[in-house]
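1. output the structure for:
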Amino acid sequence: MILFSLLSRVRVPLAITAAIAATSAVAWAYWTVGAAAGSTGVAAAATVNGGATPTASVTTTGREVAVSWGASTLSNGNAVSGYVVKRYPSGGGVPTISPVGSCSGTVASTSCTEDDVPTGTWVYTVTPAVASWRGAESATSGVVTVAAATLTLNGSPFGNAAFTPAIANATGAITGFAGGENVTYRLDAGTALTGSPTAVGADGSATITALGIPKSAGDGAHSVSVLGDAAYVPSTASAGIVIDTTAPTVSAQLAPSPNAAGWNNTSPVSVALAADDNGASGVGQIKYTTDGSDPTTSGTAHVYSGSPFFVASEGTTTVKYCASDVAGNVSSVQTQLVRIDISPPVNGVSLTNVSGGVYPTGSLTDGTTVYYRGVAAGSFRITNAVSDAVSGPASSETSPLAGGSNGWSHTASLVSTPSGGPYVSGAFGWNAGTASSPAETVTGHDVADNFSGTTLNFADDSSGPSGGSVDGTGLGGSGGRYATSTTLTVSFSKGTDAASGVAATGARLLRASATLTSDGLGDGTCGAYGSFGQIGSGDPTSPYTDDAAGGIATGHCYRYEYVAADNVGNTTTYSSGDIKVDTTGPSAPAVTLSSATGNTYINGSTVYINSQAGKAGSFQASATS
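-> Predicted coordinates for the structure are as follows:
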């Protein structure tokens, strides 16, 4: 800016201003009246010097900036009449000044205070002024930052427990307002809130002692605003809050996953817990117990670390768990049963509904050979009384017959009823004349899907015992077959059976009789025998006494049969020889003596003999019976 002066010898009663533009500069001058009385008048032109660089700073009263600068003069040393203060954005832009405070208009002093300064970063300039004449605008001040007003609130997120029952109380603080502003509160820029205080202090700050947050606003994120009433630019600040009155959801996941019945047959089982607060305040923590106690109160509760924990014990472990969110809402206690059974069940296999000869039929263990009487048709079913001390029995399964199974029939089946067993299979059967040797595997299952198998091997046994005997003892006479008493002693044995084995019961002793025809002093003969009939009770003990009370009589022949069975019903009959009972001895013969000689004399039936030495004699005797 270029300033210049014009001289005139003309008297003028007052100052005259003129502005002349030359090139791009503006010149400012004014005329003054000469001071000497009676003079012809002198008019002198003086220039307005430029403004001094101001300093600016935010005061302690909030949105207020104090500006000060050095004094400016005219070129002739006279003081200027005032200053024009301007505020610019620090990054450049259109200058402005708020009408609030002492910085608006022409400032007569060398300092002023601007109120209600908007938030931002600013610089200030000063331009000296004399009436409407202006000096050069000063350089800019240092940057002044007017911080944004702030609202801080305590208590967020507001959980269900914070509402009593419909309003939650928030506390907090306000900073950066214009000093003394009245304030009002809003929720989501619309709903008026009741709060205290209703005005900030002279420093533009206030402590909020009560601010009612309505539960009716609903769960979710909200904005609370505080509004001032400053004349030029009212202050405003906002803060986000969260209302969360809904507890999080929480769940448990087992690995490996249990079967449909809820059981695992591996150990350990991993338990992972997860919670979801559905976008509200967020999950705070998860607590759990493994002893079935309430995790909200139990001294054995654990805080879930985020990593799965493990359960290894067989049986049922009761895990109880719950989750809380940041707002303090606590979910209901959930229960997760961890059922582990790694032990296979025990089969209790037996044969039932038996028709025909089969042995053994009960308590069959793995590898047992079951004998069947193949000469005649038969059938049976397999009953499996599965036992399991942990998860319990579930089912029993029979396989197709393996190996040679000609003559056999069976359809594989899986039986799960009745609940808990025992489980009865479909029928097994064989035709008459079958001699094959199939194998069958019976598999018991428990609820945890553990299983165990019992294999049965079937073998034909169509032959009875061998090597047994039956006969009387103590016999004599011709051929060693005579008894001279009507009390007979009969001994017998069952023999052995290399397959199913000799049956413990079912043996019988039978007897048949015939007439003994005497042959004088020779061996008698037995007539025709009648039919055999059982004597005594079944399963007699050897030796057996058969006597007159049982029908033994002299002059008769007797034969015995001993019938022994094996365990599948094959029988063998052992037979004795003839036993001849004769209790009557022969009659005394008639004796005739004759032809006595020498020293022998016969008188009737008496023979007299002279036994003196040297005296010989003889006689004859004949007998008739």
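2. so what's the nearest residue to residue 432 once chain neighbours are set aside up against?
-> By the measure of CB to CB, 6 or more residues apart in numbering, the closest residue to residue 432 outside its immediate chain neighbours is residue 377, 4.5 Å from it. C-beta: built from backbone N, CA, C; applies to glycine. Taking CB atoms under 8 Å, 6 or more residues apart in numbering, we find residue 377 in contact with 356, 429-432, 434.
3. if I look at residue 377, how far off is residue 102?
-> Distance, residue 377 to residue 102, by CB to CB, to the nearest Å: 127 Å.
4. the nearest residue to residue 317 once chain neighbours are set aside sits in which helix or strand?
-> In space, and not counting its chain neighbours, residue 317 is closest to residue 338: 4.4 Å by CB to CB, 6+ apart. Element membership of residue 338, judged by DSSP states H and E, is strand 334-340.
5. which is the next helix or strand following that strand?
-> Counting by DSSP H and E, what follows strand 334-340 is strand 349-355.
6. give the partner strands of the following helix or strand past that following strand in its sheet and their orientations.
-> Stepping forward along the backbone from strand 349-355, the first helix or strand reached (DSSP H and E) is strand 358-359. Next to strand 358-359 in the sheet, as set by DSSP bridges, lie strand 369-372 (antiparallel).
7. give me the average confidence score over the strand it pairs with.
-> Regarding strand 369-372, the rounded mean pLDDT is 98.
8. can you tell me what sits against that strand?
-> Where contact means CB under 8 Å, 6+ apart, the residues beyond strand 369-372 that reach it are 351, 356-360, 364, 378, 430, 434, 456-461, 499-500, 567-568.
9. just the buried residues from these, in PyMOL please.
-> Here is the PyMOL command that selects the buried residues among the contacts of strand 369-372 (16 or more other CB atoms under 10 Å):
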select buried, resi 351+356+357+358+359+360+364+378+430+434+456+458+460+461+499+500+567+568
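10. so which of the contacts of strand 369-372 are in strands?
-> Mapping these onto strands (DSSP state E) picks out 351, 358-359, 378, 430, 456-460.
11. going by distance to residue 278, which of the residues you listed wins?
-> When the ones in strands among the contacts of strand 369-372 are ranked by distance to residue 278 (CB to CB), residue 456 comes first, at 59.8 Å.
12. any idea how far that closest one lies from residue 431?
-> From residue 456 to residue 431 the distance is 19 Å (CB to CB).
13. quick one on the thing from earlier: what's the pLDDT at the residue nearest to residue 432?
-> Residue-level pLDDT assigned to residue 377 equals 98.
14. tell me how many other residues crowd residue 220.
-> Neighbourhood size, residue 220 [other CB atoms under 10 Å]: 12.
15. surely it and residue 242 touch.
-> Yes: at 7.2 Å, residue 220 counts as touching residue 242 under the criterion of CB atoms under 8 Å.
16. overlap in contacts, the two.
-> Residues touching both residue 220 and residue 242 (CB under 8 Å, 6+ apart) are residue 280.
17. which residue is the nearest non-sequential neighbour of residue 426?
-> The shortest distance from residue 426 to any non-neighbouring residue, by CB to CB, 6+ apart, is to residue 413 (4.6 Å).
18. dump the residue contacts of the one you found.
-> Neighbouring residues of residue 413 by CB under 8 Å, 6+ apart: 397-398, 425-426.
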